[in-house]
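> My questions are about this predicted structure, shown below with the sequence.
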Amino acid sequence: MKVFQDCETVLWQKLKQGNTEALGLLYDRYIDDLILYGTKFSQDKQTVMDGIHDLFINLYKYRNSLTDTDNVKYYLLRSLKNQILKESKIKHIFIPNTLLPKSYMNKNSTASHEDHIIETEYLDQKSFRLADAINSLSKKQKQCIFLRFNENRQYDEIAEIMNVSVETSRTIIYRAIKVLRSNLTTIALLFYIFL
């Protein structure tokens, strides 16, 4: 892994010197990770692609003011997130389809119109509660949860991306899950009390 990091820091330095080939190599190396990470902040693939495009244009345009980094991937992921949020004005986290009930995902379902309305209301409430719980997390916790459960990353990969130790990545995720459980339980109790 050290060789890979050395290689990416060399590319980063070449980019800072104006080398367009280094910019292209960084793009080729990280495009898949950027697309996957970008979908966390926008469901619209075009918005994600535009954000990536703008990110690389800005990298080259402002190359003289780029700071040194020993983790280029993390720098790019964070920059993309900021770019998408700035452009789309998205203030909430994307709720993936994996949280939807199977009947909602089955387009061949023959449920009645009322069933669809009830299910839509249920999903709205569930998504709202989950989004509220997720928004109560710190930025670091949100990113660790995303990497662990949306990208199925191992703790050592998360530690590398987040530039922390493996033990710290485990602790961040553990505490985030604890906060989510607590918030979801509290929200569910309040929801049922006031209905």
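Ah, there it is. Residues are numbered from 1 along each chain as shown.
> hey, let's count contacts and neighbours off CA atoms from now on
OK.
> neighbours of the closest residue to Gln154 other than its chain neighbours, just the number please.
In space, Gln154 comes closest to Arg148 once its chain neighbours are excluded; the distance is 6.6 Å by C-alpha to C-alpha, 6 or more residues apart in numbering. When neighbours are counted by other C-alpha atoms under 10 Å, Arg148 registers 18.
> and Tyr27, what does it touch?
Residues in contact with Tyr27 (C-alpha atoms under 8 Å, 6 or more residues apart in numbering) are Phe56.
> Go again with 10 Å.
By C-alpha atoms under 10 Å, 6 or more residues apart in numbering, the residues touching Tyr27 are 21, 34, 52-53, 56, 76.
> Can you give me the pLDDT of it?
On pLDDT, Tyr27 comes in at 92.
> Would you map the helices across this structure?
2-16, 20-38, 45-61, 72-88, 102-105, 113-135, 139-145, 155-162, 166-193 (DSSP state H).
> Comparing the ones you listed by mean pLDDT, which bottoms out?
Looking at the helices of the chain, the bottom one is helix 102-105 with a mean of 44.
> Show the end-to-end separation of stretch 11-22, please.
5 Å (C-alpha to C-alpha, to the nearest Å).
> now do stretch 7-24
Stretch 7-24: ends 14 Å apart by C-alpha to C-alpha.
> Now it: buried residues?
8-9, 11-16, 18, 22-23 (16 or more other C-alpha atoms under 10 Å).
> Tabulate those residues (TSV), appending distance to Ile177.
Listed next are these as TSV, based on distance: C-alpha to C-alpha, whole Å:
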residue	distance to Ile177
Glu8	33
Thr9	34
Leu11	37
Trp12	35
Gln13	38
Lys14	41
Leu15	39
Lys16	39
Gly18	43
Ala22	39
Leu23	37
